[in-house]
Structures are given as structure tokens and as C-alpha cells.
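> Quick one, fold the following:
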Amino acid sequence: MEKTVIPAGYAPCLNLYDTQKAIGLLKRFFEDALGGALNLMRVSAPLFVEAATGLNDDLNGVERAVTFDIPSAGRDAQVVHSLAKWKRMALYRYQFSVGEGLYTDMNAIRRDEELDNLHSVYVDQWDWEKVIAPRDRNVEYLKQTVRTIVKAMCETQTTLRSVYPRLTALPALCPEVSFVTTQELEDRWPNLSPKERENAWVKDHPTTFLMQIGGALKSGKPHDGRAPDYDDWNLNGDILLWNPVLQKAFEVSSMGIRVSPEVLDQQLTTAGCDERRSLTFHKLLLEGKLPLTIGGGIGQSRLCMLLLGKAHIGEVQASVWDGETIAVCQDAGVILL
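Reported below is the predicted structural model:
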């Protein structure tokens with residue numbers, strides 16, 4: 001488990017007041033840039049979903065959802081982990097066409113998250129999803145979408161730096177994306193942990209898309225966990241950027257082309273999750289009734305941290321922290337919201 005560490009000599013580029021103003025500007029501009037570039041329409045999204053639908057994101061399969069009953073409805077509900085599956089169902093219900101998509105503000109509670117510089121119990125991200133044609137289920141379409149998202153991030157940074165010149169003390173994002181697979185990293189550094197491999201690669205390739213996450217590698221272990229029922233493990237990945245403040249690889253987005261009926265059938269069995277086949281979402285998908293899609297989540301607080309040069313996620317979002325984290329930040333003069 002990583003712990004909170006504030007780099008020696010760290011001083012934020014912006015004070016608390018300007019930080020709050022910059023967060024608002026960043027979110028508005030990036031939403032517009034992302035929505036325009038990918039043809040996405042903003043929609044409203046749920047904070048919780050009915051437990052029996054199977055719509056909640058299972059993440060790595062071990063995290064516990066915050067669950068509560070709704071007496072007047074006679075239902076049990078779960079606070080979302082993310083909207084990975086809900087978005088695809090929404091595209092089906094709203095009858096979106098190929099080339100059209102949606103994005104939304106997603107707010108989640110991940111009660112089992114291990115708290116450190118990057119992780120909070122409160123999660124906020126832009127969740128997005130887009131209908132694609134069968135011919136688009138390929139690596140090149142995935143790569144082009146990644147480049148489009150990175151371009152929107154770079155444009156957002158340029159705008160912020162023009163409004164707050166102090167942010168020019170931070171390195172500009174690299175617009176050129178390096179694409180590498182998890183197996184290529186394992187082949188190159190078999191004795192390193194997955195996170196150590198990411199750091200080693202991204203240090204020399206500051207904007208990276210790490211592909212093919214979820215399936216077992218030659219070592220018999222996956223690079224990282226992925227639920228079997230939204231991403232196609234051969235057509236997904238993480239956008240990793242080099243964080244100059246923390247001097248490490250920094251994940252800002254998990255995304256991918258979603259499972260087809262055939263791929264879902266295979267991945268449910270591989271993951272030992274065949275019992276999900278009876279859930280509403282999974283039945284519709286296996287029957288071929290849901291559209292083919294690509295989608296992902298982009299961390300709002302993560303992007304704010306990176307573009308504003310913050311050392312701790314608590315500098316850009318309000319959450320609850322353990323005593324050790326609070327003490328470390330106080331000793332370093334870091335103000336948690």
C-alpha cells in the first residue's frame with residue numbers, strides 16, 4: 001500500500017482561491033473540447049443504481065459497493081463505482097446512432113480505496129460512451145480516439161496557462177502518444193512490478209497509452225484487473241502521463257472498445273463470472289440488442305491535479321482522509337479541501 005508523500009520543497013503554483021477558479025475553468029473548457037471532438041452530448045446520470053440490474057461497475061471484483069434499501073420502492077440500491085455499463089444501456093434506451101455519444105459527470109464512492117496522493121474514497125470523472133460500427137472495433141480506431149482525447153487535454157492546458165501564467169512553470173503535456181502493450185512491458189522488465197514497469201516506460205514516453213489490460217500475460221498474471229463485462233481486454237487501455245510533481249506515471253483515463261456479445265461470452269467464462277449472464281444488462285448484450293460502443297472515464301480530479309501542478313488529490317477535491325494523511329499534509333503546508 002502506498003502512503004501519502006509530499007515531495008521536498010513542494011509549493012503549489014496557485015493559491016487556494018485561484019485554484020478553485022482554475023478548476024471551474026478547466027472543467028468547462030475540457031468538457032466542451034471533449035464533447036465537440038468526439039460528438040458527445042451531455043446527459044444526466046444516476047448517483048446510484050438498482051443492485052439487481054448488474055449495471056454497477058465491479059472494478060476489480062473485490063470492492064464493496066455502498067448499498068442501501070429504498071423502502072418505498074421495495075428495492076436495494078448501490079452507489080455507483082462508475083457508469084461503465086449504465087452508459088451503454090443509456091445509448092440503447094435513448095436510441096443514439098452510430099457516431100453519436102454521450103458524456104456525463106460521474107460521482108462515485110469507492111469505500112475500499114487505499115488512500116494516498118492519487119486515491120480518494122470520492123471519485124469524480126467524466127464518463128463517456130459512443131456508438132460505433134462493427135468496422136470500428138479495431139486497434140487503429142482505438143488509437144485515433146486516444147489521440148483525440150489527448151489533444152483536448154493539451155488544448156485545455158494551453159488555455160489554463162494563458163489565464164494563469166504561473167502554470168507555465170510546469171512542463172507542457174506531450175501531444176505525441178506512445179502506444180505500448182502490457183505484454184511488451186512485461187517482456188522488457190519481467191522482474192519489475194506492473195507499476196514499476198509503467199514508471200520506467202512513461203518516464204521516457206511522457207504521454208502513453210498502455211494497451212490490453214485485464215487478460216493474463218505470459219507470466220500467468222494480468223497487468224491489472226478489469227471487469228469482464230465492459231472492456232474488450234484486447235482493445236482497451238489506460239492513458240498515462242508523466243507527473244512532474246510526483247515524478248511518476250499518472251493514470252488519467254481508463255477506456256476501451258466495449259465487449260461484443262462474443263467477447264462478453266468468452267470473458268465471463270475466463271473470469272469465472274458466468275452467474276452474471278442472467279442479469280438484465282448481460283442478457284441484452286449477449287442477445288445482441290445493445291449497440292457496439294467505445295467509452296471510458298477521465299478523472300476530473302486527476303486532470304486538475306496534473307494541469308494545476310498539485311501534489312495531493314485532496315488539494316482539488318473535498319473528501320475524508322485518515323489521520324496519517326492529514327498529518328503529512330499539514331507538516332508540508334499542504335491545504336486539503
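> tell me the contacts of the closest residue to Tyr103 other than its chain neighbours?
Leaving aside its sequence neighbours, Tyr103 sits nearest to Trp128 (Cβ to Cβ, 6 or more residues apart in numbering; 3.9 Å). All C-beta spots, glycine's among them, are computed from the backbone N, C-alpha and C. By Cβ atoms under 8 Å, 6 or more residues apart in numbering, the contact list for Trp128 reads Leu34, Leu38, Leu40, Lys87, Gly101, Leu102, Tyr103, Thr104, Gly295, Gly296, Gly297, Ile298.
> Please settle this for me: is the first one part of a helix?
To tie it back to what came earlier, the one meant is Leu34. Yes: the assignment for Leu34 is a helix, going by DSSP: H, G, I helix; E, B strand; the rest coil.
> circling back: assign the residue nearest to Tyr103 to helix, strand or coil.
Under three-state DSSP, Trp128 falls in the strand class.
> what sits opposite it in the beta ladder?
Tyr103, Gly296 (DSSP bridges).
> Next, find the distance separating it from Ile294.
For Trp128, the distance to Ile294 equals 9 Å [Cβ to Cβ, to the nearest Å].
> Now do the strands in the stretch 101-250 of the chain.
Secondary structure of the stretch 101-250 of the chain (DSSP state E, counting those that start in this stretch): strands at 101-109, 122-131, 178-181, 207-211, 231-243, 248-258.
> Name the residues of the third one that are buried.
Of the residues in strand 178-181, Phe179, Val180, Thr181 count as buried by neighbour count, 16 or more other Cβ atoms under 10 Å.
> Would you quantify the distance from the last one to Ile213?
Look at Thr181 and Ile213: by Cβ to Cβ, they are 9 Å apart.
> Please apply the same query to the second one.
Look at Val180 and Ile213: by Cβ to Cβ, they are 12 Å apart.
> likewise Ala77?
Taken as Cβ to Cβ, the span from Ala77 to Ile213 is 29 Å.
> Make TSV out of the contacts of Trp128 and add pLDDT and distance to Glu315.
Formatted as TSV, the contacts of Trp128 follow (pLDDT from 0 to 100; distance: Cβ to Cβ, whole Å):
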residue	pLDDT	distance to Glu315
Leu34	96	23
Leu38	97	29
Leu40	97	28
Lys87	91	29
Gly101	97	31
Leu102	97	30
Tyr103	96	25
Thr104	93	25
Gly295	96	28
Gly296	94	24
Gly297	93	21
Ile298	96	19
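> can you put those residues in TSV and add distance to Cys329 and neighbour count?
TSV is the format used below for the contacts of Trp128 (distance: Cβ to Cβ, whole Å; neighbours: other Cβ atoms under 10 Å):
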residue	distance to Cys329	neighbour count
Leu34	31	21
Leu38	36	21
Leu40	36	21
Lys87	34	28
Gly101	38	23
Leu102	36	25
Tyr103	32	22
Thr104	31	21
Gly295	34	28
Gly296	30	28
Gly297	26	24
Ile298	25	23
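> Out of the residues you listed, which comes closest to Lys151?
Leu34 (9.8 Å; Cβ to Cβ).
> Contact partners for the closest one?
By Cβ under 8 Å, 6+ apart, Leu34 lies in contact with Leu40, Tyr103, Trp126, Trp128, Ile149, Ala152, Ile298.
> Pull up the gap between it and Ile149, please.
Taking Cβ to Cβ, one finds Leu34 at 7 Å from Ile149.
> Which neighbours do those two have in common?
Taking Cβ under 8 Å, 6+ apart as the criterion, Leu34 and Ile149 both touch Ile298.
> how about low-confidence regions in the stretch 1-150 of the chain?
Within the stretch 1-150 of the chain, the stretches with pLDDT under 70 are 1-2, 52, 54, 57-62.
> now the helices: where do they sit in it?
Remark: helices assigned in the stretch 1-150 of the chain by DSSP state H, counting those that start in this stretch are 16-38, 84-93, 139-163.
> could I get the first one in CSV with only the CA atoms?
Translated: helix 16-38. What follows is helix 16-38, C-alpha atoms only, in CSV (Å, rounded to 0.1, in the frame of the first residue of the first chain):
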residue,chain,number,x,y,z
LEU,A,16,-6.5,28.3,-2.8
TYR,A,17,-8.7,31.0,-4.3
ASP,A,18,-7.1,30.8,-7.8
THR,A,19,-7.1,27.0,-7.6
GLN,A,20,-10.9,27.0,-7.2
LYS,A,21,-11.3,29.4,-10.1
ALA,A,22,-9.0,27.4,-12.3
ILE,A,23,-10.8,24.1,-11.5
GLY,A,24,-14.0,25.6,-12.8
LEU,A,25,-12.4,26.9,-16.0
LEU,A,26,-10.6,23.6,-16.6
LYS,A,27,-13.8,21.6,-16.3
ARG,A,28,-15.9,23.8,-18.5
PHE,A,29,-13.2,24.0,-21.2
PHE,A,30,-12.3,20.3,-21.3
GLU,A,31,-16.0,19.3,-21.4
ASP,A,32,-16.6,21.5,-24.4
ALA,A,33,-13.4,20.3,-26.1
LEU,A,34,-14.1,16.6,-25.5
GLY,A,35,-17.8,16.8,-26.4
GLY,A,36,-17.0,18.6,-29.6
ALA,A,37,-14.2,16.4,-30.7
LEU,A,38,-16.0,13.1,-30.1
